[in-house]
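**Q** Give me a 3D structure for the following:
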Amino acid sequence: MDESPETRENRIVSAYAFAVSEQNAAAGAIVTAPTCGASGVMPAALLYMQQKKHVSDEQIPRALAVGGLIGNLVKQNASISAAKCGCQGEVGTACSMASAALADLSDMGIDQIEYATEVALEHHLRLTCDPINGLVQIPCIERNAVWQKSLCKHWAASEITRGMIKSLRRQSISSPIRVSMV
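**A** Numbers count the residues shown, from 1 in each chain. Predicted coordinates:
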């Protein structure tokens, strides 16, 4: 099959998420991040960064801690439960956690980490949980993989924002920025 490098990357990172989700569906051992239903998002994102950007094992614990902080913020102020909040609470939180972790691995500042986190969560607003025979696993497995593409875009948007902020900081205060609305 002839495919673009971007398509190949999307397929690979989705396969990582599928692998963890399938392990969960088979009652295997997984790490909740933040829940079993969203357990494929963080590992897929971090493994991708290790293989694509050569992130070391030593950098991963800090990224997990940053992502974990975001998960705790959501858990304390809203919910990570799909039964209560749908996919926004579960996979949306996982994507926000992974976005924060990726931004931290990219040496972004707190503003860019917050931006990546917020964009990831807002793209899951109003997604309902649609269990099949009482199990949320089938939709969750698919959403763990599908949202990896979105996650990579959130990270890329944060990279672009970081570049814009650096550029703005280099400009002198005497040269105001003019924005025209067309």
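**Q** Would you mind stating the distance between the residue lying closest to residue 48 once chain neighbours are set aside and residue 69?
**A** Using Cβ to Cβ, 6 or more residues apart in numbering and skipping the chain neighbours, the partner closest in space to residue 48 is residue 13 (4.6 Å). Placement of C-beta: from N, CA and C, glycine included. Taking Cβ to Cβ, to the nearest Å as the measure, residue 13 falls 23 Å from residue 69.
**Q** same check, this time on residue 2
**A** Counting by Cβ to Cβ, the gap from residue 2 to residue 69 is 42 Å.
**Q** More neighbours: which of these two?
**A** Neighbours per residue, other Cβ atoms under 10 Å: of residue 2 and residue 69, the larger number sits with residue 69, 15 against 4.
**Q** The nearest residue to residue 53 once chain neighbours are set aside: how many residues sit nearby?
**A** Computed as Cβ to Cβ, 6+ apart, the closest residue to residue 53 that is not its neighbour in sequence is residue 105, at 7.3 Å. For residue 105, the neighbour count with other Cβ under 10 Å is 21.
**Q** How about the one 3 residues further on?
**A** Neighbourhood size, residue 108 [other Cβ under 10 Å]: 21.
**Q** So it belongs to a strand, correct?
**A** No. In this structure, residue 108 is coil, not part of a strand, as judged by DSSP: H, G, I helix; E, B strand; the rest coil.
**Q** From what I see, it and residue 101 are in contact.
**A** No. Residue 108 is beyond contact range of residue 101, at 10.9 Å (criterion: Cβ atoms under 8 Å).
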